[in-house]
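>>> sequence? don't have it. structure:
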């Protein structure tokens, strides 16, 4: 932390912190509210710290606050090789869920299995289940098949639409399974809600990270002046984990 604003009490100048910001983070300096900032554990490198807040806050909020994932339930994670996907897989396993990871690139199978997930090719996920919770990071094209492999009383959390945002589903399938579908984002939430999500992560996830029982996979890191190359690498696909920009 380079400087403190008036009234800041949680942190001191020089503390290592990480946070989800609404924009402007790709700069040498960024402004964050102390209530949304998280302390960086001593053994966590800056590259991992850069990849942690958005991925793990998004996954934790979606799985536990929104979908109420419980011990022993079955979880299906779409787009499991990405930053939020790998976070969701690890958090689900840590919570005692049976986790299935759906991926397009099966070269990521070994890494996801090492995290504790059963891995299935994306075009075969409809044959799995029934799943109590499905975390949708891919998009609308999966919705009909999601309902087919959802358990009675199941929950579908939509937090990514990269492969499309519009679809048609049979509402009778939703009704018959007494299921629910909801969407969620972090960016549009007011400060109070963002602070609440951060405190939940600080309480429930940071101790596990500090103990070395979670990892933040970094597919590649780039210097800030290489931002264009970082975006090209992101767009190329085939990555496992996060693309991170590093200052200095």
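Good, I have the coordinates. Just so you know, these numbers come straight off a predicted model, no measurement behind them. Numbering: from 1, shown residues only.
>>> What strands line up against the strand or helix carrying residue 152, and which way round?
For residue 152, the host element (DSSP states H and E) is strand 150-158. Using DSSP bridges, strand 150-158 pairs in its sheet with strand 131-136 (parallel), strand 180-183 (parallel).
>>> between the ones you listed, which one is nearest to residue 228?
Of all the strands paired with strand 150-158, strand 131-136 sits nearest to residue 228, with 29.9 Å by CB to CB. The way it works is simple: take the backbone N, C-alpha and C, and place the C-beta from them, glycine included.
>>> Starting from the strand holding residue 152, tell me the next helix or strand along the chain.
Sequence order places helix 171-176 as the next helix or strand after strand 150-158, per DSSP H and E.
>>> Buried residues, that following helix. List them.
Residues of helix 171-176 classed as buried under the neighbour-count rule (16 or more other CB atoms under 10 Å) are residue 174.
>>> Stretch 66-74 too?
In stretch 66-74, counting by 16+ other CB under 10 Å, buried: 66-67, 69, 73-74.
>>> try stretch 220-228
For stretch 220-228, a neighbour-count test (16+ other CB under 10 Å) marks 221-222 as buried.
>>> tell me the mean pLDDT for it?
Taken as a whole, stretch 220-228 carries a mean pLDDT of 92.
>>> List the neighbours of it that are in contact with it.
Residues outside stretch 220-228 that contact it (CB atoms under 8 Å, 6 or more residues apart in numbering): 26-28, 47, 50, 229-230, 233, 239, 243-247.
>>> How far does it sit from its chain's centre?
Taking CA atoms, centre = their mean, to the nearest Å, one finds the center of stretch 220-228 at 22 Å from the center of the full chain.
>>> Look up how far residue 150 lies from residue 90.
Applying CB to CB, to the nearest Å, one obtains 22 Å for the distance of residue 90 from residue 150.
>>> Now do the residue nearest to the spatial centre of the chain against residue 223, distance only.
Among the residues of the chain, residue 84 comes closest to the average C-alpha position under CA atoms, centre = their mean, at 2.5 Å. Using CB to CB, residue 84 is found at 24 Å from residue 223.
>>> do the same with residue 238
From residue 238 to residue 223 the distance is 22 Å (CB to CB).
>>> So which residues of the chain form strands?
Using DSSP state E, the strands of the chain run over 17-19, 37-39, 74-78, 98-103, 118-121, 131-136, 150-158, 180-183, 218-223, 242-246.
>>> Contacts for the third one, please.
Judged by CB under 8 Å, 6+ apart, the contacts made with strand 74-78 from elsewhere in the structure are 63, 69, 85, 88-89, 92, 97-102, 117, 122, 125, 128-138, 142, 146, 149, 151, 160.
>>> If we use 7 Å, what do you get?
The contact list for strand 74-78 (CB atoms under 7 Å, 6 or more residues apart in numbering) reads 69, 85, 88-89, 92, 97-102, 125, 128-138, 142, 151.
>>> Could you do the fifth one as well?
Residues lying outside strand 118-121 but in contact with it, judged by CB under 7 Å, 6+ apart, are 100-103, 106, 109, 112-113, 128.
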